[in-house]
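A.B. asks: Need the 3D shape of this:
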Amino acid sequence: MLHVKQSVPDMEQSGRDEFIESINASREAISKLDRYADLLAEWNQRFNLVSESTLPQVWNRHFLDSAQLLKLIPADTKTLADLGSGAGFPGLVLSILGISQVHLIESIGKKANFLRAVIDDLKLDAVVHQARIENLHETKFDVITARALKPLKQLLELSKPLMKQESLCLFLKGQQLAIELTESAKYWRFDSETFPSLSDRSGCVLKITNLKSKSGSESNAVRRKSR
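C.D. replies: Below is the predicted model of the structure:
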C-alpha cells in the first residue's frame, strides 16, 4: 500500500498544494509522488542523490519542474528517453503521471539503483539503462528529455542518434539559453519553441523539432518561437 505523509514542513506542503493546483494529476499519482518523496529523502541520506537543501522544496523544485513537460508530450507518444536521469527528474515524474515506456538513461550505479528501487516500489512502466548515452543507439524514441545535464549543443549531439525523423526534444533550461541556441545554430538546424517555466522564473522549457546536422555551407537560421 502506498504511504501518504501525514505531516510535512509548511514549505513542502505549500509546494504540494501548488503542484495539485497546477498539474491535472490523479489521487493515485499524488500518492505515488508522496511515496517517491519519502524514498528520495531516505536514499539521499546515504547516497546524496540531490542537494540536501532542495528536499524541503521537492514538490516545486523537482516534481513541478518535471511535470510541466507533460502538456508538451504528444498524446500518441509511445516511448520517451530521459537522458542522465539522476534521481529521476523529469523521467520518473512523467512515468508516475502516466507516460508509458519511459526509458531512464543513467550511467552512475547508485543513481541507477535508486531509479530501479522506485520503479519496483511504485510498479511503474519504466526501465533503467545503466549505460552512457553514447552507447545506446539501437533504439529510437518519440520524445527525448533532459534536465540540468549539458549545454544545448552537447544535448543535441547526444539526442540525434536516438531520434526518429518526427521525434521531439524537451529540455529544461536556464538563463544561458539564448547563448546556447546561438552556439548550437552553428552546427545544427532545428525549429525551437520556448515556454516559461512553472517552477523557476529564470528558467524555461525548450522544445526542439526537425533536428538536422549542418553540412558544408548550410546556413539556414534556427526558427524560434516564444510563448
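A.B. asks: how about the residue most central in space within the chain, what does it touch?
C.D. replies: Centrality entry for the chain: nearest residue to the mean C-alpha point is Pro90, 2.7 Å, by CA atoms, centre = their mean. Contacts for Pro90 (CB atoms under 8 Å, 6 or more residues apart in numbering) come out as 65-67, 69, 82, 145, 147, 172. (C-beta placed from N, C-alpha, C; glycine too.)
A.B. asks: Likewise for Gln165?
C.D. replies: Gln165 neighbours (CB under 8 Å, 6+ apart): none.
A.B. asks: That one: which element?
C.D. replies: Element membership of Gln165 [criterion: DSSP states H and E] is strand 163-173.
A.B. asks: quick revisit: not counting residues beside it along the chain, what's closest to the residue nearest to the centre of the chain?
C.D. replies: Ser66 (3.2 Å; CB to CB, 6 or more residues apart in numbering).
A.B. asks: follow-up on the earlier one: check which element follows the strand holding Gln165 along the chain.
C.D. replies: helix 177-184.
A.B. asks: Mind listing residues that contact that next one?
C.D. replies: 151-153, 156, 173, 190, 192, 194, 204, 206, 222, 224.
A.B. asks: Tell me the most packed of the residues you listed, by neighbour count.
C.D. replies: Neighbour count (other CB atoms under 10 Å) singles out Leu152 as the most crowded of the contacts of helix 177-184, with 26 neighbours.
A.B. asks: Next up, the contacts around the residue nearest to Pro90.
C.D. replies: Contacts of Ser66 by CB under 8 Å, 6+ apart are 89-94, 147, 172.
A.B. asks: and those residues, which two are the farthest apart?
C.D. replies: Farthest-apart pair in the contacts of Ser66 is Leu92 and Leu172; separation 14.3 Å (CB to CB).
A.B. asks: So for these two, which residue has more residues nearby?
C.D. replies: Leu92 (30 against 22).
A.B. asks: host element of that one?
C.D. replies: Per DSSP H and E: helix 91-96 holds Leu92.
A.B. asks: how far does that helix sit from the chain's center?
C.D. replies: Relative to its parent chain, helix 91-96 has a centroid offset of 8 Å by CA atoms, centre = their mean, to the nearest Å.
A.B. asks: helices or strands up against the helix or strand just after it?
C.D. replies: The element immediately downstream of helix 91-96 (helix or strand, assigned by DSSP H and E) is strand 102-105. For strand 102-105, the packing partners by 3 or more CB pairs under 8 Å, 6 or more residues apart in numbering; DSSP states H and E come out as strand 80-83, helix 91-96, strand 126-129.
A.B. asks: got the contact list for the second one?
C.D. replies: Outside helix 91-96, the residues within contact range by CB under 8 Å, 6+ apart are 29, 32-33, 36, 62-63, 66-67, 69-70, 73, 80, 82, 85, 102-104, 115, 118-119, 122, 124-126, 145.
A.B. asks: OK, contacts around Val143?
C.D. replies: Counting by CB under 8 Å, 6+ apart, Val143 has contacts 73-74, 77, 79-81, 167-170.
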